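Q: the sequence and its predicted three-dimensional model are supplied below.
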Amino acid sequence: MTDYILLIVSCIFVNNILLMQYLGNCPFLGVSKRMETAVGMGMAVVFVLVMAGAITWVVDIFLLKTFGLEYLRTISFILVIASLVQFVEMFLRKSIPALYSGLGIFLPLITTNCAVLGVCLINIMEEYNFTQTLVASFSYAVGFGLALVLFAGIRERIILARVPKPLQDTSIGLVTAGMLSLAFFAFKGMV
Amino acid sequence: MAKTVVQEFTKGLWAEIPPFRLVLGLCPTLAVTKSVENGIGMGVAVIFVLVCSNMLISLLRNAIPKKVRIACYIVVIATFVTVVELVMQAYAYPLFLKLGIFIPLIVVNCILLGRAEAFAAKNGVLASFADGLGIGVGYTLALTALAIIREVFGNGTFYNIPVFGPSFEPFSFMVQAPGAFVCLGLMLCIMNILGKK
């Protein structure tokens, strides 16, 4: 049990996917201008990442490792993720329209979110078992959402400030992300 | 004809240099620029994948159905990334270990998909080749510039050679994650000032 708590804390805070492992920065800067879009993107990532983590684990153990096809890992994982995203999108549109209207526009963006492929690959490299894979994927995704929402909160305030012209938009965004990353840096050594 | 090819090449070096002008492909930019060696290694890998995928997609641009084009592009890109991964594992193993997860992640680098969609799908093979090479070289230059700043100040070395002498206290903030963000943000600001004119 303690192992799992440690895993959760380490994935959310110590190895935060956005601020410590540098994965998923494009949506981080792209959708963080407003709080609602940040929350929507965070939820969509949690939803897709847990499913993608589970499916890629199964694919890796039962298909690639069994038949000695590890060199096809990159291609097969990205195809699994792309088709999963497409499938989730179609499923949500048909059966849960309320959820779809909230998450819909973010789903296509997730295919090229390197956090998703990155976490799937990390799970395999760390040789997690199935439960650990589920817990780690969920915690990484929560960490992503947490950082995104925190950052969106700060960015909404920055709009009100008078930023020098050359620093505007992405530039000040990156510097702010650096400060946020510094805050998360304090968690290092906790686990 | 020759003139346009040259133009396609040179626009990647300044007018559309990623990740400054086209804010794409940030994750590897932040992650691998701890040292100049890693930055150049990553850049060369991206040049190879970008040139090959641009040319192949441009050749296939009339054969690929519009509706499934993104999936086709991803498969083409993933194929070349796998080639790079295997070649690096065979001939540059230390670099392969250092870049680690970021080699397979070239697949989801938005620069590649962005160029495939915005350029290679509409232009001929030669122009796509020039575009891929230009953007790739520009990306490598940007990575190297960022890596030089971070390595020289954060580690006191340049390409693993000490530059400051023994009394220099490394400014280790620069090689850690927060330094990467701040450094890239400030470089973007400098590029904005330079590009004003």
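A: It's in. Residues are numbered from 1 along each chain as shown, chains lettered A, B, ... in the order given.

Q: chain A versus B:P178, what's the distance?
A: 4 Å (Cβ to the nearest Cβ, to the nearest Å). (Glycine included, C-beta is placed from N, CA and C.)

Q: pretty sure that residue sits in a helix.
A: Yes. Counting by DSSP: H, G, I helix; E, B strand; the rest coil, B:P178 falls inside a helix.

Q: helix or strand right after the helix or strand hosting A:A52?
A: Element membership for A:A52 (DSSP states H and E) is helix A:35-59. On the C-terminal side of helix A:35-59, the nearest following helix or strand under DSSP H and E is helix A:73-95.

Q: out of everything not next to it in sequence, what's closest to B:L24?
A: B:C110 (4.3 Å; Cβ to Cβ, 6 or more residues apart in numbering or on different chains).

Q: packing partners for the lengthiest helix in chain B?
A: The longest helix of chain B (DSSP state H) is helix B:125-155. Applying 3 or more Cβ pairs under 8 Å, 6 or more residues apart in numbering or on different chains; DSSP states H and E, one finds that helix B:125-155 makes contact with helix B:2-11, helix B:26-32, helix B:36-59, helix B:110-115, strand B:157-158, helix B:177-196.

Q: got the buried residues for that helix?
A: Neighbour counts over helix B:125-155 (16 or more other Cβ atoms under 10 Å in any protein chain shown) mark B:127-144, B:146-155 as buried.

Q: could you list the low-pLDDT ranges of the chain?
A: Chain wasn't specified; assuming chain A. A:104, A:191 (pLDDT under 70).

Q: hmm, no, I was thinking of chain B.
A: B:1-3, B:196-197.

Q: tell me the residue furthest from the middle of it?
A: Ranked by distance from the centre of chain B (Cα atoms, centre = their mean), the top residue is B:S167, with 34.4 Å.

Q: now that one: how far from B:G156?
A: 10 Å (Cβ to Cβ, to the nearest Å).

Q: now swap in B:D131 and tell me
A: For B:D131 relative to B:G156 (Cβ to Cβ), the value is 38 Å.

Q: the lengthiest helix in chain A near chain B anywhere?
A: Secondary structure of chain A per DSSP H: the longest helix is helix A:130-158. No. Helix A:130-158 is not in contact with chain B by Cβ under 8 Å from any Cβ of the partner chain; minimum separation 10.9 Å.

Q: in CSV, list the C-alpha atoms belonging to the following helix or strand past that helix.
A: Moving toward the C-terminus from helix A:130-158, the next helix or strand (DSSP H and E) is helix A:170-185. Output of helix A:170-185 as CSV, limited to C-alpha atoms (Å, rounded to 0.1, in the frame of the first residue of the first chain):
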residue,chain,number,x,y,z
THR,A,170,4.5,32.8,-25.1
SER,A,171,7.6,34.4,-23.9
ILE,A,172,6.2,35.6,-20.5
GLY,A,173,4.3,32.3,-20.4
LEU,A,174,7.6,30.3,-20.5
VAL,A,175,9.2,32.5,-17.8
THR,A,176,6.1,32.0,-15.6
ALA,A,177,6.3,28.3,-16.2
GLY,A,178,9.9,28.4,-15.1
MET,A,179,8.8,30.0,-11.8
LEU,A,180,6.1,27.4,-11.3
SER,A,181,8.6,24.7,-12.1
LEU,A,182,10.9,26.2,-9.4
ALA,A,183,8.0,25.7,-6.9
PHE,A,184,7.6,22.1,-7.9
PHE,A,185,11.4,21.7,-7.6
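
Q: buried set for helix A:170-185?
A: Quick answer for helix A:170-185 (16+ other Cβ under 10 Å): A:170-178, A:180-182, A:184-185.
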